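# coordinates for the following, if possible.
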Amino acid sequence: MSEKLQKVLARLGLGSRRGLEELIASGRVSVNGVKASLGDRIEDDVTVTLDGKVVMRPGQAKIACRVLMYHKPEGELTTLKDPEDRPTVFDHLPKAENGRWIYIGRLDINTSGLLLFTTDGELANALMHPRHGIERIYAARVYGDVTEEAVEKLQHEVKLEDGPAHFDKVKYVGGDGRNLWFHCTLKEGRKREVRRLWEAVGCKVSRLIRISYGGIALDPRLKTGEFRDLSVKEINRLRLLAGADELAESEIEKTEDNNAKVQSVADPRQHKRESLKGKVPNKGNGYQNANSFSKRRHAKERQFDEDVFVKDQRFGRGGMKNTATFKSAHKSGSKKRPSFFKKGNTNR
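Numbers count the residues shown, from 1 in each chain. Down below sits the predicted model:
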């Protein structure tokens, strides 16, 4: 069965349909050596090139859909390769048997939490496009004097350098003193948007964890650096939100891990790090000096802190109050919380 050329290329993760239509119209796409035209349909037995580079070979038009949930730790880049050889989110992913992994909504290096990956480029583009209004929920630890007026402003309109923005919902979920946890809901994904919104009202986000994307919540069983496959039901929930048709079980890539098994892949840099220990000078080497030891210890504490946080189903209540993160929340001279945050007023 033939399909439109731009639809097939979008599914391969080469761009959005509209963007690919522009590439086809400009004569940059060829099918079996012949320049393609808008409206062309292709079968599964052709070779497609973009700017002279092969982007599809026979048998690649039909890629079974697979979606992963990954618990990203802080310190990893959402990119395939880094020129400085820093850790990336792809270091802990399994090999995609068909196609390649495409992330859905990047997270910056200092943000942790839920990151979805798929082999279906068209699905990835749809889930990231603002027109679908896909909800992203973040747990943010906010430092500063948070007032009722500030929360109201954040839910209406805040002027940022790239245009007005707002949270669809802000909900207080825990914390005391000047370190408070909030759930912040957005329906778009601009760069550092959560942090910039809070900064616009005089506060600072000291921790940021994405806990939900498109109604798919971060699995509390996943520790940082671990992943699992989404079930057929979860994948179809995302497809419906993106305006795509549901898939039958036979159209979703079969793996032994489709039973929501939690997994992890060894960090390929770990052997290199271990081999360097004791073989370099202490000063400025990034491995053995006191500052480096302190940073590694701090990283372990933050990971423990986040693991406890994620396992608490309410993300911010109860379980977090006994961790090191909240021990410093009660400071002498801290201002009393406004009535907005008192018990019974947390469903804002």
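
# please make it C-alpha for all contacts and neighbour counts, starting now.
Fine.

# what is the residue positioned nearest the centre of the chain paired to in the beta sheet?
Residue closest to the average C-alpha location in the chain (C-alpha atoms, centre = their mean): Leu115, at 3.0 Å. Beta bridges link Leu115 to Tyr70, judged by DSSP bridges.

# and stretch 235-243, average pLDDT?
Mean per-residue pLDDT for stretch 235-243: 92.

# do stretch 139-147 as well
93.

# flag the shaky bits of this structure, pLDDT-wise.
1, 13, 60-63, 250, 253-261, 265-348 (pLDDT under 70).

# wait, doesn't Leu116 sit right on Thr78?
No. With contact defined as C-alpha atoms under 8 Å, Leu116 and Thr78 do not form a contacting pair (11.2 Å).

# now the common contact residues for the two.
Tyr103 (C-alpha atoms under 8 Å, 6 or more residues apart in numbering).

# okay, the two: which has more neighbours?
Leu116 (26 against 19; other C-alpha atoms under 10 Å).

# can you count the residues close to Gly59?
Gly59: 12 neighbours (other C-alpha under 10 Å).

# may I have the secondary structure class of it?
coil (DSSP: H, G, I helix; E, B strand; the rest coil).

# picking that back up, wait, the residue nearest to the centre of the chain touches Asp108, no?
No. Leu115 is beyond contact range of Asp108, at 11.0 Å (criterion: C-alpha under 8 Å).

# quick one, helices of the stretch 1-150 of the chain?
5-11, 17-25, 121-128, 148-154 (DSSP state H, counting those that start in this stretch).

# looking at these, which is closest to Pro220?
helix 121-128 (22.7 Å; C-alpha to C-alpha).

# please enumerate residues in contact with the closest one?
7, 10-17, 102-105, 118, 132, 134, 188-189, 214, 238-239, 241-244.

# domains for the chain, by residue range?
3-56, 67-251, 270-324 (automatic domain parsing).

# who touches Asp168 in this structure?
By C-alpha under 8 Å, 6+ apart, the neighbours of Asp168 are Gln155, Cys184, Thr185, Leu186, Lys187.

# and with 6 Å instead?
Going by C-alpha atoms under 6 Å, 6 or more residues apart in numbering, Asp168 touches Gln155, Thr185, Leu186.

# burial of Lys171, as a residue count?
So Lys171, with other C-alpha under 10 Å, has 17 neighbours.

# so who does the closest residue in space to Gln155 that isn't next to it in sequence touch?
If the residues on either side of it in the chain are set aside, Gln155 comes closest to Phe167, at 4.9 Å by C-alpha to C-alpha, 6 or more residues apart in numbering. Neighbouring residues of Phe167 by C-alpha under 6 Å, 6+ apart: Leu154, Gln155, Thr185, Leu186.

# wait, doesn't the last one sit right on Ile134?
The one in question is Leu186. No. Taking contacts as C-alpha atoms under 6 Å, Leu186 lies outside contact range of Ile134: 8.1 Å.

# quick one: list the elements packing against the top strand by length along the chain.
Longest among the strand segments of the chain by residue count, using DSSP state E, is strand 204-213. Packing contacts for strand 204-213, counted by 3 or more C-alpha pairs under 6 Å, 6 or more residues apart in numbering; DSSP states H and E, involve strand 112-118, strand 136-143.

# of the ones you listed, flag the one that's most buried.
strand 112-118 (a mean of 25; mean count of other C-alpha atoms under 10 Å).

# show residues contacting it.
Contacts for strand 112-118 (C-alpha under 6 Å, 6+ apart): 66-74, 101-104, 209-211, 218.

# where's Glu157 relative to Val151, distance?
11 Å (C-alpha to C-alpha, to the nearest Å).

# who has more neighbours out of the two?
Val151 (19 against 14).

# how many residues are close by His183?
22.

# same question, Val31
Other residues close to Val31 by other C-alpha under 10 Å number 18.

# quick check, it in contact with Val48.
Yes. Using C-alpha under 6 Å, Val31 is in contact with Val48, at 4.6 Å.

# got TSV for the contacts of Asp168, with secondary structure, neighbour count and distance to Pro83 too?
Listed next are the contacts of Asp168 as TSV, based on DSSP: H, G, I helix; E, B strand; the rest coil; neighbours: other C-alpha atoms under 10 Å; distance: C-alpha to C-alpha, whole Å:
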residue	secondary structure	neighbour count	distance to Pro83
Gln155	coil	17	39
Thr185	strand	22	33
Leu186	strand	22	32
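
# which one of those residues is nearest Leu222?
When the contacts of Asp168 are compared against Leu222 (criterion: C-alpha to C-alpha), the nearest one is Thr185, at 21.8 Å.

# which ones are touching the closest residue to the closest one other than its chain neighbours?
Nearest non-adjacent residue to Thr185, counting by C-alpha to C-alpha, 6+ apart: Ile137, 4.5 Å away. Contact analysis of Ile137 by C-alpha under 6 Å, 6+ apart lists Cys184, Thr185, Arg210, Ile211, Ser212.
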